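**Student:** no FASTA, just this:
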């Protein structure tokens, strides 16, 4: 630690008092550890500076808040492999989900907080499947039921307006092209996921829609240049009216957005752009880009594709952006001090504050949603 | 005296012997890279980077002062400094130590810079893996088996050696010291990466520096990356930026070749996108499973990058690769005792000569 960002914990605490966002969403879950083996999900209270250890501390993975902010889910190491954990932010009521398979990763909450979807890995080779866990019944189920593989990286659609527009006969503002669409879609839980689709003899990652009964790739006429590019990291906007995802359409990885007007590249640059994260208002996307040489955090105004930097450091990386519930702050990881530490700033990159300074690894910030019960 | 005590005494002796080049505990000092596990290979007039904890006077030494360096400085995150060094165009080929002299300390990394008389289009790489120094898997000490492999590489036509992880059995400093003592018997540049037996990487980092790095050999780019614990390696995005930046840097190369300890289909999907989907590596060299396997399509779900697993050196194996304009070709794994000195190349048929014969052959 050599520069003025290397603050003592007491200074961090005092600063956090000054910069703590208003409202209740003043806690950030994250992962910290000396090394991979002891990485633990923790919760940092921005008002008090206190850090609560919530996870078991065994290769804990990226934490995700339940929509009401009362629970955290994450993957962690088990005797058999990796399993999903649920815990309260104070570390109480830790539950390990009992899995049918040994390897389960990256849980995502449904909008009503009643289900978790995650990727389950098969015993042999690349047999990734999607599993959905019902918190009320404690039951696991493969989605779709026949367990089609490979499917991975599921995320719940919070609403059906956009997907219903892709069904035949809908009043979309582009040329729908064919009548197949997603005619089989019905109300109920729907996931976006990544599947593999054969193209030129090789499987290419593509965007799929998955329900408990069925799955299919997004219709080709939805995509700007279907069949030749790698799609990844689908993320629906908070109201489900748009989908952001990564695509190699254009030669390098870009952030695309699909809404009822069509699909657009909102991050166009010769360097790779990835990891889109929607702001709560659905108007802005934070993402990571290598356009400055190293990895930086940027934001795009989706309506105009205007890009502005959030966190860019010469010779250092900034990554894992996470919006606060009110959209007025962004948390991220930066190794500008020589060690991965958590920072927060306003979305325009101003008023930067370092909120961890423990000299160990700090990753994967996730801001607690507003309206949580405390 | 028990075997463990003998090893400890040997390690202590080795620590004394190597103290001139490293800290007494074997850790890197002022200079992080290049070092004997991540050396620079450069032609006269070429450039290499020195990363060190503070700016210092730098020189190359080979018994006496080596060729002068022209240096451009840059600051890195974490208070580190980078010296981009240009080797004088009259520099003599050979193996050099890098010496850094700062106001309050001096440091020297031996076997850190190899000045070569150019880079041939055709060359051979020796792949060692899973040396497991300190293990008692066989009656014969693992260090002795490793020494046989180093000697086999020395007498082969290889231009350099990659050692892809599980260098030690338990990741202990005495085991790393023993590993380095044998590795330093190599007459060739030796490039290492960590494996799961090298444990959490903390001691490895102290001894060799970065867990992920890239290097160039002539027209080819190599990306050496960490999968010591594939379950979590890179899962929280710590390594992905390095993979992306390094992969883009070697994109214009003739061949982009990956070196790692292990490949598992369930490893970080982002890292797989970078290495096997967006810009697929042309070949991946790895070990870990202590057996040979080549180009099994089940290995790579993306069906893109040929992968070659080399059986463990601690079991007496190594593998040579032929790298040419035409291909990256793994030879059959060999028992180290059976590695023969390079044979004179047979006279090729005229057609084959146009297609296959390289412009020049590397020296031993």
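**Tutor:** Okay, I see it. Note that the structure is a prediction, hence the values are computed from the model and not measured.
**Student:** and the residue of chain A nearest chain B?
**Tutor:** residue A:338 (2.1 Å; C-beta to the nearest C-beta). C-betas here are computed from N, CA, C, even on glycine.
**Student:** Quick check: pLDDT value at that residue.
**Tutor:** On pLDDT, residue A:338 comes in at 87.
**Student:** Surely it is within a strand?
**Tutor:** No: counting by DSSP: H, G, I helix; E, B strand; the rest coil, one finds residue A:338 to be coil, located in no strand.
**Student:** The closest residue in space to it that isn't next to it in sequence: how many residues sit nearby?
**Tutor:** Of all residues not flanking residue A:338 in the chain, residue B:78 sits nearest, at 2.1 Å (C-beta to C-beta, 6 or more residues apart in numbering or on different chains). Per other C-beta atoms under 10 Å in any protein chain shown, the neighbour tally for residue B:78 reads 16.
**Student:** ok, so what distance separates residue B:78 from residue A:341?
**Tutor:** As judged by C-beta to C-beta, to the nearest Å, residue B:78 and residue A:341 stand 11 Å apart.
**Student:** quick one: common contacting residues for these two?
**Tutor:** Common contact partners of residue B:78 and residue A:341 (C-beta atoms under 8 Å, 6 or more residues apart in numbering or on different chains): residue A:335.
**Student:** residues contacting the residue nearest the centre of chain B?
**Tutor:** Residue closest to the mean C-alpha point of chain B, counted by C-alpha atoms, centre = their mean, is residue B:191 at 1.2 Å. Under the criterion of C-beta under 8 Å, 6+ apart, the neighbours of residue B:191 are B:37, B:38, B:39, B:160, B:161, B:162, B:163, B:215, B:222, B:224, B:259.
**Student:** so it, which of the three states?
**Tutor:** strand.
**Student:** can you pick the most crowded of the contacts of residue B:191?
**Tutor:** That'd be residue B:163 among those, by other C-beta under 10 Å, with 30 neighbours.
**Student:** ok so, going back, please tell me how far the residue of chain A closest to chain B sits from residue A:315.
**Tutor:** Note on residue A:338: its distance to residue A:315, by C-beta to C-beta, is 10 Å.
**Student:** phi, psi of the closest residue to chain A within chain B?
**Tutor:** Residue nearest to chain A within chain B (C-beta to the nearest C-beta): residue B:78, separated by 2.1 Å. Backbone torsions of residue B:78, given as degrees, to the nearest 10, read phi 80, psi 10.
**Student:** which ones are touching it?
**Tutor:** A:2, A:335, A:337, A:338, A:339.
**Student:** count of neighbours near residue A:153?
**Tutor:** Residue A:153 has 24 nearby residues by other C-beta under 10 Å.
**Student:** Without its sequence neighbours, what residue ends up closest to it?
**Tutor:** Closest to residue A:153 by C-beta to C-beta, 6+ apart is residue A:194, at 4.7 Å.
**Student:** can you check residue B:50 too?
**Tutor:** Closest residue in space to residue B:50, ignoring its immediate chain neighbours: residue B:83 at 4.3 Å, by C-beta to C-beta, 6+ apart.
**Student:** How is chain B divided into domains?
**Tutor:** B:31-113, B:123-342 (automatic domain parsing).
**Student:** Before I go, just wanted to say thanks for your time.
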